[in-house]
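1. what's the 3D shape of this:
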Amino acid sequence: MSSAGEGSSLQVHAIRVGPGQELLGSLQAFVEERHLRAPFIITCVGSVTKATLRLANATATNTNEVIHLDGRFEIVSLVGTLNPDAHLHISLSDIEGKTIGGHVLGGLEVFTTAEVVIGEAVDLKFTREMDVRTGFPELVVQPRSQSKDD
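-> Residues are numbered from 1 along each chain as shown. Modelled structure (predicted):
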């Protein structure tokens, strides 16, 4: 399964997520409320006190390579797509500046703030379909005019 490279116009949105809020759920609610069909993270700065990440050595048959972080962490990077089955990766730095990263599973509790700029490819729709080669649901890019919901 391969998605062709499609071009699109860009619309930009910004959101601030406050202390104690869960970042992934807040972003998914924002996307849902605004009916964004091809959203992605442009940039994010902020901090969290908790995170649940799947590490890089996970496979379709062994998805249990998960870590739960507690402490104060700066968000060094947050990237990915925000369609209903969001695919986000995050890098976090601890109080000594050491970094750790992985696939976001949730539990990103905001410490002081998370300032997120979200882009939407307005002419496209992102969905996910199971890819038998990887064992994971992978990104499918469609022109919005060809999608069932738009």
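
2. secondary structure class for the residue of the chain most remote from its centre?
-> Within the chain, the residue lying farthest from the chain centre (C-alpha atoms, centre = their mean) is Glu96, at 25.4 Å. Here Glu96 is recorded as coil under DSSP: H, G, I helix; E, B strand; the rest coil.

3. One more: Thr112?
-> Recorded secondary structure, Thr112: strand (three-state DSSP).

4. What residue, apart from its backbone neighbours, is nearest Gly7 spatially?
-> Excluding its sequence neighbours, the residue lying closest to Gly7 (C-beta to C-beta, 6 or more residues apart in numbering) is Asp123, at 7.5 Å. (C-beta placed from N, C-alpha, C; glycine too.)

5. Just want the phi and psi numbers for the residue farthest from the centre of the chain.
-> phi -100, psi 0 (degrees, to the nearest 10).

6. Return the residues in contact with Leu108.
-> Going by C-beta atoms under 8 Å, 6 or more residues apart in numbering, Leu108 touches 22-24, 48, 50-52, 90, 114.

7. How much space separates it from Ile100?
-> Leu108 sits at a distance of 13 Å from Ile100 (criterion: C-beta to C-beta, to the nearest Å).

8. just checking, what packs against the worst-scoring helix or strand of the chain on mean pLDDT?
-> Within the chain, confidence by mean pLDDT, DSSP states H and E is lowest for strand 136-143 among all helices and strands, at a mean of 90. If you count contacts as 3 or more C-beta pairs under 8 Å, 6 or more residues apart in numbering; DSSP states H and E, strand 136-143 packs onto strand 124-131.
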